[in-house]
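>>> Output the structure for:
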Amino acid sequence: MITKIEQFNKTQLKQGLPDVRSGDTVKVYQKIKEKDKEKTFTFEGLVLAIKHGKGISSTMNIRRIVSGVGVEKTIPLHSPSIEKIEILRKGKVRRAKLYYLREAKGKRGRLKNIDFDQVIPATIEETAEVKAPEDEKEVVK
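You can find the predicted model right below:
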């Protein structure tokens, strides 16, 4: 049986959020209200972790370097102050939590990028053509 709290939480969930994963570089547009004005603040950085699943309490940790100092922000995904989330780059990672990047410097602190067309193929026929190209070279024995 669905409780009243679960019903209310379902109405508050945002629809159409992109599939953000750890290792992605994202740009988050957040509305900030100051007295009478309402501004849109952007925060661009690398997603270190996504916590608390897909529910109303799900959050993501974003890290960015500002003037040589690392700045991290925890952003609730379903907050009404979040306007939109754009994925700029997808990173190839093998872990769910990338906290080791806090101390990593130089080459160790970089992630490999994945092209968007590899991540989201358009149709099944196009992916079959890309994966199985026909070689016109002769085999040398």
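>>> What segments of the protein are strands?
Counting by DSSP state E, the chain has strands at residues 25-34, 37-51, 59-66, 69-76, 82-92, 112-114.
>>> For those strands, could you give me CSV that also reports distance to Tyr100, mean neighbour count and mean pLDDT?
Backbone N, C-alpha and C define where each C-beta goes, glycine included. Conversion of those to CSV gives the following (distance: least, C-beta to C-beta, whole Å; neighbours: other C-beta atoms under 10 Å; pLDDT from 0 to 100):
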stretch, distance to Tyr100, mean neighbour count, mean pLDDT
strand 25-34, 17, 14, 92
strand 37-51, 9, 14, 93
strand 59-66, 12, 16, 93
strand 69-76, 13, 13, 92
strand 82-92, 14, 15, 90
strand 112-114, 15, 12, 81
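>>> Among those, single out whichever gets nearest to Thr3.
Thr3 sits nearest to strand 69-76 of all the strands of the chain, at 21.4 Å, using C-beta to C-beta.
>>> packing partners for that closest one?
If you count contacts as 3 or more C-beta pairs under 8 Å, 6 or more residues apart in numbering; DSSP states H and E, strand 69-76 packs onto strand 37-51, strand 59-66.
>>> rerun that using 6 Å as the cut-off
Secondary-structure packing of strand 69-76 (3 or more C-beta pairs under 6 Å, 6 or more residues apart in numbering; DSSP states H and E): strand 59-66.
>>> ok, the residue nearest to Asp24 when sequence neighbours are not counted - contacts?
Leaving aside its chain neighbours, Asp24 sits nearest to Val47 (4.9 Å; criterion: C-beta to C-beta, 6 or more residues apart in numbering). Under the criterion of C-beta atoms under 6 Å, 6 or more residues apart in numbering, the contact list for Val47 reads 22, 24, 26, 60, 62.
>>> Could you check how far the residue nearest the centre of the chain is from Asp36?
With distances taken as C-alpha atoms, centre = their mean, the residue of the chain nearest its centroid is Val20 (3.0 Å). To Asp36, Val20 is 33 Å away according to C-beta to C-beta, to the nearest Å.
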